[in-house]
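Undergrad: model this:
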Amino acid sequence: MNRSTIFLRGAGGFSDSSRPYSYTTYPANQISRISIPNSAPSAVYEDQTQQSQALLYRLSGDYNPLHSDPMVAQVAGFTRPILHGLCTLGFAARAVIKSFCNGDPAAVRNIFGRFLLHVYPGETLVTEMWVDGQRVQYQTKAKERDRAVLSGYVLLKHIPSSLSSGAD
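TA: Next comes the predicted model:
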């Protein structure tokens, strides 16, 4: 199942009957709650996005001018174009794969992410990760602003042998 929600900042008035969005209308088995542990992370991975990252990411087929046109970005309330959310999620998934899967993406069963804040191309993304069985919870921050931009988890197909020593 793929569920997507589109946020249009400042948009509205599409109908009088719309209620504010709420997870209360979703079945309990379709809601993933993320709680970032208070403990030190199991791993931290830092990666730099490129200034041209959003322009290159347009090759994925997302031509939204919010990611390339400074005027559109300003109208949307940003100081400059922002990075695609899916690109940010890719940086977080790569952090988990490099940190816990020996670089093998086939070790991933599924990925969940909740977008918290925009990322500007050129920012450094710092992904903190906590291992909980086959689930790796993560939080990604924009280093320059010290703000969380994404949180979620990656479910692995198996617990990597480097993490399961001594466990039965």
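
Undergrad: can we go C-alpha only for contacts and neighbour counts from here?
TA: Will do.

Undergrad: give me the helices and strands touching the lengthiest helix in the chain, please.
TA: Ranked by residue count and defined by DSSP state H, the top helix of the chain is helix 85-100. Applying 3 or more C-alpha pairs under 8 Å, 6 or more residues apart in numbering; DSSP states H and E, one finds that helix 85-100 contacts strand 43-48, strand 108-115, strand 124-132, strand 135-142, strand 147-156.

Undergrad: what are the pairing partners of the second one, and which direction each?
TA: Strand 108-115 has the following strand partners under DSSP bridges: strand 147-156 (antiparallel).

Undergrad: now the longest helix of the chain: mean pLDDT?
TA: The average of the pLDDT scores along helix 85-100 is 96.

Undergrad: 22 is where my numbering starts, stick with that
TA: All right, first residue 22 from here; so that's helix 106-121.

Undergrad: what angle do it and strand 145-153 make?
TA: Helix 106-121 and strand 145-153 are oriented at 60 degrees to each other (axes from the mean of the first three to the mean of the last three C-alpha atoms, to 10 degrees).

Undergrad: can you give me the buried ones in helix 106-121?
TA: Neighbour-count burial for helix 106-121 flags 106, 108-110, 112-118, 121 (criterion: 16 or more other C-alpha atoms under 10 Å).

Undergrad: go on, stretch 168-181?
TA: 169-177, 180.

Undergrad: could you list the residues in contact with that stretch?
TA: Among residues not part of stretch 168-181, those counted as contacts by C-alpha atoms under 8 Å, 6 or more residues apart in numbering are 55, 109-110, 114, 117, 121-122, 128-140, 154-163.

Undergrad: out of the buried residues of helix 106-121, which comes closest to M150?
TA: Using C-alpha to C-alpha, V117 comes nearest to M150 of those, at 7.4 Å.

Undergrad: so how far is A61 from the closest one?
TA: 16 Å (C-alpha to C-alpha, to the nearest Å).

Undergrad: any idea how far M92 is from the residue nearest the centre of the chain?
TA: Most central in the chain under C-alpha atoms, centre = their mean is L110, positioned 3.6 Å from the mean C-alpha point. In this structure, L110 and M92 are 25 Å apart, going by C-alpha to C-alpha.
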